[in-house]
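Q: Next input, structure requested:
(chains A and B)
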Amino acid sequence: MTTIPSNLRRVLRREPRARPTTEPVAAPSERVEAPPVEIAPNDPLVAYFSGATGAVDITTLQLDSPALEGLREAGIKLVVPLVSQGELIGLLNLGPRRSEQEYSADDRKLLNDLAGHAAPAVRVAQLVREQEAEVRQRERIEQELRVAQLIQQQFLPQELPDLPGWQVGAYYGPAREVGGDFYDFIKLPEDQIGIVVGDVTDKGVPAALVMATTHSILRAEAPRLVGPSEVLTRANELLVDEMPAHMFVTCLYAVLDPATGRLRYANAGHNVPYVSTGDGVTELRATGMPLGLLPGMAYEEKEATLAPGDTVLLHSDGLAEAHNTDREMFGFPRVAALTGEASDGEVLIDRLLKELAEFTGPGLEQEDDITLVTIGRRGTGTDDAPADTPPAAPAERELTAFEVASELGNERQAIDKVAAAVAGLGLEGLRLERLKTAVGEATMNAIEHGNGNRPELPVEVSVVTDDTDLKVRITDQGGERPLPEVETPDLEAKLAGLQTPRGWGLFLIKEMVDDLHTAVDEHHHTIELTMHLKEAPDARS
Amino acid sequence: MPGAEFGAEVRQHDSTGVIDLHGEINLGADQALNAAYDEAVKGDPRTVVLNFDRVDYINSTGIALIVGLLARARKEHRSVSAFGLSEHYRQIFAITRLSDFMGIYPDEDSAVTATAAAST
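A: All right, here's what the predicted structure looks like:
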């Protein structure tokens, strides 16, 4: 359906209303509106009107056109096409004159002038209406996105399981149009743990709702049934009845026994997990149909044993199937290769995301949700460390760790305690003074900007050394807040009263120390100040 | 552990207003520092000299107070000098470029002599 016929349908016939002042008794009942006439987009009349230069007398028009017949049947005598910028946007349809005379040349001229003025105005009105409809549509979509995101977030784990001897990592990066990815960790009997990664086809609210249903079914069934094959079989049976048409869920479900490293798993059509082992990368393959497609499905169950140093990567499509600007795919082989190169799960997740960012380049919107879960068994000693593990960094020893309440002035406590802790390390004189100033400023920032001067929120300070460097870590409860770009304050502008005299803190910190880093998680913001203990004997002084 | 409270006394040395600062220059020093400056400029001296000899701590807020004081003096066409800064704070005054806008001297005599010489 094109827009032209719908526009045309809205045009009603009106009796000519020329010179109303000379016909003062025209009662409203005398105005006749003809029924709308349907005009098919391919009707030859459309092309004829588009090319017409003025009012068209349709009583004499010779054209094989169903619409022309319709207009005649509706009592239309004269049609004035409304054309704006070469596009037919409407018709002014007129019945016979009340005087029963023919339309005169003057009448036609008046109508043509009227059409010439009315057409652009009608077009503007149409555009405004289209624009409004588009805005409403966009708002509806945005609202849906927000709802989908909300549902999604509700069902993602708030924290990772704490498994002694294991390193568990997870990353979930939603696409703008939320894609229905999910992951979960489920506590099982005998200290086992269930690990789920899944992906619902489709996007938005429908996908989020199916994801929520699947999540709830697995949460309910896994602790009862435990075995991966049984759990997926049962989940499939329950989902088949619930699943909207054309939707299904891919899902990898694994059960880990942390005591032994035994990993049992079944796969409902999800991406094959990769395992980084001392002997290279292996795949955890098991066959099974996605959940919710067909009843009576069986799921193959397999098992593997994770040795110390092994790391499993569970991953959703969003990673391997991401494209770059040349429409090349990031690809499964690349994911597998990167899995083999990483020393542990956290490193692996960071590396995968970094490589992906480099691959897709800046400014490309993420196509699909990305979910990554890593389960790594820590090495039990140097003998167990896989051959590709890089040499370990020198061990850090903690010199002190303490907290101060978030009240201005308490930075002096931090300064004094840090100074006492580093005594004897060879950091003396001006370099010690520099560290003290940096600790004071960083603590003040944490008190004021991180913890909002709320005394009940602690600023945590720890001092560690590996005998090469001294690191002071100052943590507040302010959560994710990037370190602003450190700019050199403009003293001239400050002296001229053009800028506030304040704003020296971060600049001072950066100038005082040898290295400055920040780390953030959801709840904490840490600034790490580094002073070299051995080389560079006060290069700045 | 509360630090030493800030205080400032003003005296005249030749025709120069000298402000003896002591304690910590931080947010709490704001009023006392400005009051001392008001006192020091009563005789409309060309120069105000800051004595940092007994200052044991200056934080970034303290730097901002000194910037504010310097801005005010420049508006009033006065110069500001300083002496008694520790080596660490001399470095900080250099890093912040405060020392580009105020004379830094090792002791009071050299500060006053230099400012007297500059104003003759």
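
Q: What parts of chain B come near chain A?
A: Residues of chain B lying close to chain A by Cβ under 8 Å from any Cβ of the partner chain are B:1-3, B:26-27, B:57, B:59-61, B:63-65, B:67-68, B:70-71, B:74-75, B:86-88, B:91-92, B:95-98, B:100-101. Where C-beta positions appear, they are placed from N, C-alpha and C, glycine not excepted.

Q: Please indicate which of those are buried?
A: B:3, B:26-27, B:57, B:59-61, B:63-65, B:67-68, B:70-71, B:74, B:88, B:91-92, B:95-96, B:98, B:101 (16 or more other Cβ atoms under 10 Å in any protein chain shown).

Q: Sitting in helices, which of those do you find?
A: The members of those that map onto helices under DSSP state H are B:60-61, B:63-65, B:67-68, B:70-71, B:74, B:88, B:91-92, B:95.

Q: now, among those residues, which is nearest to A:V464?
A: B:H88 (24.3 Å; Cβ to Cβ).

Q: For the ones in helices among the buried ones among the residues of chain B next to chain A, which two are the farthest from each other?
A: Checking these with Cβ to Cβ, the most distant pair is B:R74 and B:H88, at 25.7 Å.

Q: what about chain A, any weak spots by pLDDT?
A: Scanning chain A for pLDDT under 70 picks out A:1-34, A:380-394, A:480-484, A:534-541.

Q: need the next SSE after the longest helix belonging to it, C-terminal direction.
A: Longest helix in chain A, counting residues (DSSP H): helix A:105-154. Sequence order places strand A:166-173 as the next helix or strand after helix A:105-154, per DSSP states H and E.

Q: orientation of that next one relative to helix A:105-154 in degrees?
A: 170 degrees (axes from the mean of the first three to the mean of the last three Cα atoms, to 10 degrees).

Q: burial count for A:Y183?
A: 22 (other Cβ atoms under 10 Å in any protein chain shown).

Q: Need the three-state assignment for it.
A: Put simply, A:Y183 is strand when judged by DSSP: H, G, I helix; E, B strand; the rest coil.

Q: How about it: which residues does it bridge to?
A: A:V197 (DSSP bridges).

Q: Return the residues in contact with it.
A: When contacts are counted by Cβ atoms under 8 Å, 6 or more residues apart in numbering or on different chains, A:Y183 touches A:L156, A:P157, A:A170, A:Y172, A:I195, A:V196, A:V197, A:G198, A:L314, A:T371, A:V373.

Q: what's the distance between it and chain B?
A: 44 Å (Cβ to the nearest Cβ, to the nearest Å).

Q: coming back round to it: same list (the ones in helices among the buried ones among the residues of chain B next to chain A) but as JSON lines, adding pLDDT.
A: Compiled in JSON lines, those are given as follows (pLDDT from 0 to 100):
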{"residue": "B:S60", "pLDDT": "94"}
{"residue": "B:T61", "pLDDT": "93"}
{"residue": "B:I63", "pLDDT": "95"}
{"residue": "B:A64", "pLDDT": "95"}
{"residue": "B:L65", "pLDDT": "95"}
{"residue": "B:V67", "pLDDT": "95"}
{"residue": "B:G68", "pLDDT": "94"}
{"residue": "B:L70", "pLDDT": "94"}
{"residue": "B:A71", "pLDDT": "94"}
{"residue": "B:R74", "pLDDT": "92"}
{"residue": "B:H88", "pLDDT": "95"}
{"residue": "B:Q91", "pLDDT": "93"}
{"residue": "B:I92", "pLDDT": "95"}
{"residue": "B:I95", "pLDDT": "93"}
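
Q: Count the neighbours of A:K436 for me.
A: For A:K436, using other Cβ under 10 Å, the count is 21.

Q: pretty sure it is touching A:A419, no?
A: Yes: using Cβ atoms under 8 Å, A:K436 makes contact with A:A419 at a distance of 5.7 Å.

Q: which residue packs closest to A:I193, ignoring adjacent ones?
A: A:L256 (5.2 Å; Cβ to Cβ, 6 or more residues apart in numbering or on different chains).

Q: and the one you found, helix, strand or coil?
A: Classified using three-state DSSP, A:L256 is strand.

Q: next one: A:A423
A: coil.

Q: For it, grab phi and psi.
A: Taking degrees, to the nearest 10, you get phi -60, psi 140 for the backbone angles of A:A423.

Q: Mind listing the residues bridging to the residue most central in space within chain B?
A: The centroid of chain B falls nearest to B:L50 when counting by Cα atoms, centre = their mean (2.7 Å). Applying DSSP bridges to B:L50 gives these bridge partners: B:I19, B:A82.

Q: list the contacts for it?
A: B:L50 neighbours (Cβ under 8 Å, 6+ apart): B:I19, B:L21, B:I66, B:V80, B:S81, B:A82, B:F83, B:M102.

Q: With neighbour count and pLDDT as extra columns, can I get the residues you listed in TSV?
A: As requested, the contacts of B:L50 are arranged in TSV below (neighbours: other Cβ atoms under 10 Å in any protein chain shown; pLDDT from 0 to 100):
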residue	neighbour count	pLDDT
B:I19	21	95
B:L21	25	95
B:I66	23	95
B:V80	21	93
B:S81	22	93
B:A82	24	95
B:F83	21	94
B:M102	21	92
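
Q: Would you mind checking which of these is nearest to chain A?
A: In terms of Cβ to the nearest Cβ, no member of the contacts of B:L50 lies closer to chain A than B:I66, at 8.3 Å.

Q: quick one, what contacts the closest one?
A: Applying Cβ under 8 Å, 6+ apart, the residues near B:I66 are B:I25, B:L50, B:I58, B:L98.

Q: any low-confidence regions in chain B?
A: B:1-3, B:116-120.

Q: mind saving the C-alpha coords of stretch A:267-280 as CSV?
A: Provided in CSV are the C-alpha atoms of stretch A:267-280 (Å, rounded to 0.1, in the frame of the first residue of the first chain):
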residue,chain,number,x,y,z
ASN,A,267,23.8,-28.4,25.3
ALA,A,268,20.5,-27.3,23.8
GLY,A,269,21.9,-25.8,20.6
HIS,A,270,24.1,-23.2,22.3
ASN,A,271,27.6,-22.3,21.3
VAL,A,272,30.2,-25.0,22.1
PRO,A,273,32.3,-24.0,25.2
TYR,A,274,36.1,-23.9,24.8
VAL,A,275,38.5,-25.1,27.4
SER,A,276,42.0,-23.8,27.7
THR,A,277,44.2,-26.7,28.9
GLY,A,278,47.9,-27.4,29.2
ASP,A,279,47.6,-29.3,25.9
GLY,A,280,45.8,-26.6,24.0
